[in-house]
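J.: what's the 3D shape of this:
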Amino acid sequence: MTGERGYRFWLILGDTVFRNYYRECVSSLNLNGNETVMDFGCGPGLVSRYFAEKLVQGHLTCVDVSEPAIRLAGNRLKACGNVDFVLGDIRGAGLAAGSFDLIFLNFVYCHIDASQRSGIIGKLVELLHDRGRLVVRNAVGRHAGISSERIGRDLARFGLNKIYGEMTRSLFIVPTYFGIFSRAAD
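T.: Sure thing, here's the model as predicted:
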């Protein structure tokens, strides 16, 4: 399912089956609550909701190229005063370099066209603070056509250091990589 119907379906799953999974994922990042965070490829705001709740003195920027996704995320988070939304390509979004403590990619990495990946990842790295973190959660292997090793190599080319990485399974089935990368060694 794609488009708005697909996003609505994922919202139902996100608020039921995946609710604890997303909440625990955000909790595992040990945020203080005053950070600036980008949810890159936010979709309809599945994980964004938990970031917004956690960032009581911080700010969340939700970015997606899909108008239906941004609209649904906006509706979902309209009561949150600490969230803004960016529709379109990150490379033309006009965001200031070094403005994010953390950039989160949840099942997005494999959807970035390989021919565009270098430019997009380069822009994301530019948007991180000097000690900012880029977090990737993505299906790997035959489910996504990409490996955890490839993700690590891609990010290392931009000077990011892996500070954490583990393989898990989403829905106890899909092999999933969870990696945290930093602009500077921690």
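J.: show me the shaky parts of this structure.
T.: Regions of the chain meeting the criterion pLDDT under 70 cover residues 1-2, 170-172, 184-186.
J.: show me where it has its helices.
T.: If you assign secondary structure with DSSP state H, the helices in the chain sit at 3-15, 19-27, 48-54, 67-76, 114-127, 148-156.
J.: can you list the ones you listed in TSV and add distance to Asp84 and mean neighbour count?
T.: Glycine gets a C-beta too; all of them are placed from N, C-alpha and C. Formatted as TSV, the helices of the chain follow (distance: least, Cβ to Cβ, whole Å; neighbours: other Cβ atoms under 10 Å):
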stretch	distance to Asp84	mean neighbour count
helix 3-15	19	15
helix 19-27	18	15
helix 48-54	11	23
helix 67-76	10	19
helix 114-127	14	16
helix 148-156	26	16
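J.: hmm, who's touching stretch 61-74?
T.: When contacts are defined by Cβ atoms under 8 Å, 6 or more residues apart in numbering, stretch 61-74 is touched by residues 3-4, 7-8, 11, 36-45, 48, 77, 83-90, 93, 95, 100.
J.: partners of the strand ranked longest in the chain, with directions?
T.: The single longest strand within the chain, with elements called by DSSP state E, is strand 128-139. Strand 128-139 sits in its sheet next to strand 100-106 (parallel), strand 174-182 (antiparallel), going by DSSP bridges.
J.: quick one: it to helix 19-27, angle?
T.: Counting by axes from the mean of the first three to the mean of the last three Cα atoms, to 10 degrees, strand 128-139 points 150 degrees away from the direction of helix 19-27.
J.: okay then, goodbye and thanks.
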